[in-house]
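Engineer: The following block contains a protein sequence and its predicted model.
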Amino acid sequence: MFYCPYFCTGKKQVIVRKKGIRFIVLLFFVCSHSFADSPKSVVRGVVTSEDGEPVEFVVVSADNSKRSTVTNQKGEYSLALSPGKHQIRFYHVSFVALEQEVFLSDGERKEIHVVLEEHTNALSEVVVKAKSEKREIETKGFVVSVVEMQKASLQSVQTNELLDRTAGVRVRQSGGLGSATNYNLNGMSGNSVRIFIDGIPISTYGASFSLNSIPPTLIERIEIYKGVIPAHLSDDALGGAINVILKKGMQNTLTASVLYGSFNTRQANFNAMFRDEKTGFTVKASGFYNYSDNDYEVWGKFVRNILPNGRYDYVRAKRFNDAYRSVGGHVELGFTGVKWADRFYVGYNGSDAYNEIQHGTYMSVPYEGRHSDSRAHVFSLNYRKTNIAVPGLEFTLNGMHSRRQEIVTDTVKWNYNWFGEKSLGLDGNPILRPNGAQQGAPTLNHINRNVTTFRAGLNYDIHRNHRIILNHIFYDIDRTQQDFMRSETERDFIGTRDLQKNITSLAYEMKAVEGRLTATLFGKYYQQKIAKMDPVLKEVDGQTVRVEATVRSRKEAAGYGLAAAYSVLPGLMLLASAERAVRMPSEGEVFGSPGENIVENTGLRAEISDNLNFGVKTEPFPVGEHKFDASASVFIRDAKDRIVQRINPRLNDAVQTDPFENLGKTKSKGFEVELGYTYAQNLNVALNMSRFNSVFNIRYDPNGREYDYYNKQLPNEPFFTVNGMVKYALHNLVQKRSAVNLYYNFGFVESFHTTWLELDDFSVPRQFVQDVGLNYVFPNKKFAVSFDAKNIFDRQAYDNFAVQKPGRAFYIKLNYTINNF
């Protein structure tokens, strides 16, 4: 339960809010009056297939081909016509042609969205070559993987599971659904990897809205940039970035799904959009609900009860204080495809989460009663306009203000064992925790955050082969906290925390050699201010007075980079990219995060890394009905002052909280490989492998003594992973136009150590986990049902600091879609 409402105090918050309101009003006024197009009639829209995917190269013609155009890779078309009645025809060799009559008044812009029915006897020998959006992104020189969610959204899988199967990506979770998560990209992890939602840092939304809670059904694709980050993601991502692109279909649609599975896991979500063709008025709404008891079995050397005589009793038990619940919704109102804006939305995002905390950093001491509650209210503005003021100039603006609250509760004073029972001493009485609660002293800590983010961008196409990109992001967070377990006098001494960040990026993109060469040159400027204030009592002239102890810091840095791709042969491309990357310490690292057992460290320095990638990529090349594709890359990450969580080898500490610290110099070198195979549109096989060596690279300490861990692999990092996937589709097996899809996935993780001490007690064993699943898509393509079995052989699977993940589990999921309602 939350004990106090959100509130903003202080002059600074009021100024920010007033400036934001003035800016929104001014922007709306300018947009509404300054960018009117010349009067003419236009028909435009999006052409999709029955499964909702955009169809490229559809010929859209009017009046027996007197005027015509072709849809682009997003299925979009636009056709300028004179006022009056017209007959519009949509034609594609693989689909049934469609005709529609339309009447246009003078200056009218009419939206017509079309769903084409696929030919049952489409000509197999006709081949149309074009770059999909996925292919366009992957051939700009950056080492990037694009995960498309259209088919994956039918399965009973989480977004993080799909990421974990991608080459070079390791998702680190501290348990089951809803547990603390960080991401490792080619040896860089934690906050070195930034997460974005449509280009906006996910930190704006708060802990209750994360990749744990966003179902695949709501996502169009995920872009995973490794090492070198493009300028349009203007944030201080040092080792990589994960950009989640939510669905933005232009047609009136409604999709919904429900899931039930092991450990009392329940999930539901919906996504809907409505657009009025005459006015362009658009409404988008989505929502989700997640719940799990997370009461799966754990066992092995890390799961042990301490008997009254002090001996260890290794047990097999269920997690008992690990339930997770999250609920959230998002709604946007605005206009699309109008004269003054391609897109204009005002939106609200609300989310709420409850998360029980089973243990500290390690699994050695189970907790009872420790949990966190979090809630977020996010207000947003989203504007985009192409050809603004001059042809080829595009302007985008995203503004957000969020009010977030987190409450960490820990008041249970008894010690518990892995059976959920109070631990007993030699005298038969329950044992008390050393400091009065599960993780230190009793706490009822309320943390309030007010976060303001503005991101503005200008893209200017000087020529069809030359583009300039300018982006700026402003991020400000004001944080206060109050522990209601403290006395009223102590609560009068409430400190404040403030972090402000500005990042500006400028990039130049070009294409040359008849489009075979693409290159991007970019620079970034980073600025961060930190302010911390804690009231303290001090003796002045023999009297005790209240004074404010303040800590302030300002950091500035510059970064730069280059990415290039060259098509050596048709279907064969070489990639190279390099960046001097900078990352400022995040709010949680500087000020701590009680819900994640992290204490503050305001002395952290900025992290700097020289990142280098070389790669080769092939397009799918056909051999009869067979298709093959492959990609490979090598990388170097040479980092200075790398920010990592302190490694504490004492597993049985009563208080398992650790700060982040600067590690010094580290170097990571490695490679990744991806192979793909397709047969006759029925069989898909994918295999990827990633291996790196990430070592501490400073030999001597300030006193001239050699470090014990010089040139050793950094602990708690899985350095060698292999993932595989097999999918087989059976068409028309049960019903005509239906489909049955069979899936098999495996994941291998080599053994790794969790501390600098290379002992068996501090090592995670080798892991090999396998999943199977199937789904059935009904003939109308509106309804699908899926069944998945995870970790079918019930193998032990570990992650962060040897925390065990769920064993064998079963899930069933129902999906329903309505198009053009």
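Structural biologist: Looks like it arrived, so ask away.

Engineer: mind listing the strands for the stretch 201-350 of the chain?
Structural biologist: 219-226, 240-246, 253-261, 265-275, 281-292, 297-298, 304-306, 312-314, 317-318, 324-338, 341-356 (DSSP state E, counting those that start in this stretch).

Engineer: what are the pairing partners of the third one, and which direction each?
Structural biologist: Just to be clear, that refers to strand 253-261. Its sheet considered, strand 253-261 pairs with strand 265-275 (antiparallel), strand 809-819 (antiparallel) by DSSP bridges.

Engineer: and these, which is most packed in?
Structural biologist: Between the strands paired with strand 253-261, strand 265-275 has the highest mean count of neighbours, a mean of 20, where neighbours are mean count of other Cβ atoms under 10 Å. Every C-beta, even on glycine, is put in place using the N, C-alpha and C of the backbone.

Engineer: So Arg637 sits against Glu607, correct?
Structural biologist: No. Between Arg637 and Glu607 there is no contact under Cβ atoms under 8 Å: 11.0 Å.

Engineer: how much space between Phe787 and Asn684?
Structural biologist: Distance of Phe787 to Asn684, given as Cβ to Cβ, to the nearest Å: 19 Å.

Engineer: Ile229 too?
Structural biologist: The gap separating Ile229 from Asn684 is 30 Å, by Cβ to Cβ.

Engineer: Reformat the strands paired with strand 253-261 as TSV; add mean pLDDT and distance to Ile698.
Structural biologist: Output for the strands paired with strand 253-261, formatted as TSV (pLDDT from 0 to 100; distance: least, Cβ to Cβ, whole Å):
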stretch	mean pLDDT	distance to Ile698
strand 265-275	91	45
strand 809-819	90	43
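
Engineer: Among these, which comes closest to Ile447?
Structural biologist: Among those, strand 265-275 comes nearest to Ile447, with 27.3 Å by Cβ to Cβ.

Engineer: between that closest one and strand 240-246, how many degrees?
Structural biologist: Counting by axes from the mean of the first three to the mean of the last three Cα atoms, to 10 degrees, strand 265-275 lies at 60 degrees to strand 240-246.

Engineer: List the first helix or strand encountered after the lengthiest strand in the chain toward the C-terminus.
Structural biologist: Ordering each strand of the chain by length in residues (DSSP state E) puts strand 543-569 first. Sequence-wise, the next helix or strand downstream of strand 543-569 (DSSP states H and E) is strand 572-583.

Engineer: what about Asn732, neighbour count?
Structural biologist: The local packing of Asn732 (other Cβ atoms under 10 Å) involves 12 other residues.

Engineer: tell me which residues form a beta bridge with Trp414?
Structural biologist: Counting by DSSP bridges, Trp414 forms beta bridges with Leu432.

Engineer: ignore the last one, Val147
Structural biologist: Beta-bridge partners for Val147, by DSSP bridges, are Ile222.

Engineer: Thr336 now?
Structural biologist: Arg343.

Engineer: so it touches Asp276, yeah?
Structural biologist: No. Counting by Cβ under 8 Å, Thr336 sits too far from Asp276 to count as a contact (9.9 Å).

Engineer: coming back round to it: can you add distance to Gly704 and give the strands paired with strand 253-261 back as JSON lines?
Structural biologist: Putting the strands paired with strand 253-261 into JSON lines (distance: least, Cβ to Cβ, whole Å) gives the following:
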{"stretch": "strand 265-275", "distance to Gly704": "56"}
{"stretch": "strand 809-819", "distance to Gly704": "54"}
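
Engineer: among those, which is nearest Asn243?
Structural biologist: Closest to Asn243 of the strands paired with strand 253-261, according to Cβ to Cβ: strand 265-275, at 18.8 Å.

Engineer: Select, out of the strands paired with strand 253-261, the one closest to Glu220.
Structural biologist: So among the strands paired with strand 253-261, strand 265-275 is nearest, using Cβ to Cβ, at 10.5 Å.

Engineer: Just want the angle from that closest one to strand 324-338.
Structural biologist: Relative orientation of strand 265-275 versus strand 324-338 (the same axes, to 10 degrees): 10 degrees.

Engineer: List the contacts of strand 265-275.
Structural biologist: Identification of contacts with strand 265-275 by Cβ atoms under 8 Å, 6 or more residues apart in numbering yields 111, 177, 215, 217-218, 247, 249-260, 281-293, 336, 809, 811.

Engineer: Can you show me the CA trace of it as PDB?
Structural biologist: This file holds the C-alpha atoms of strand 265-275, laid out as PDB (Å, rounded to 0.1, in the frame of the first residue of the first chain):
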ATOM      1  CA  THR A 265       1.900 -17.300 -13.900                       C
ATOM      2  CA  ARG A 266      -0.900 -15.200 -15.500                       C
ATOM      3  CA  GLN A 267      -0.500 -12.600 -18.200                       C
ATOM      4  CA  ALA A 268      -2.900 -10.500 -20.300                       C
ATOM      5  CA  ASN A 269      -2.500  -7.600 -22.600                       C
ATOM      6  CA  PHE A 270      -4.300  -5.700 -25.400                       C
ATOM      7  CA  ASN A 271      -3.300  -3.200 -28.100                       C
ATOM      8  CA  ALA A 272      -5.900  -1.100 -30.000                       C
ATOM      9  CA  MET A 273      -5.900   1.800 -32.400                       C
ATOM     10  CA  PHE A 274      -8.600   3.900 -34.000                       C
ATOM     11  CA  ARG A 275      -8.200   6.600 -36.700                       C
END
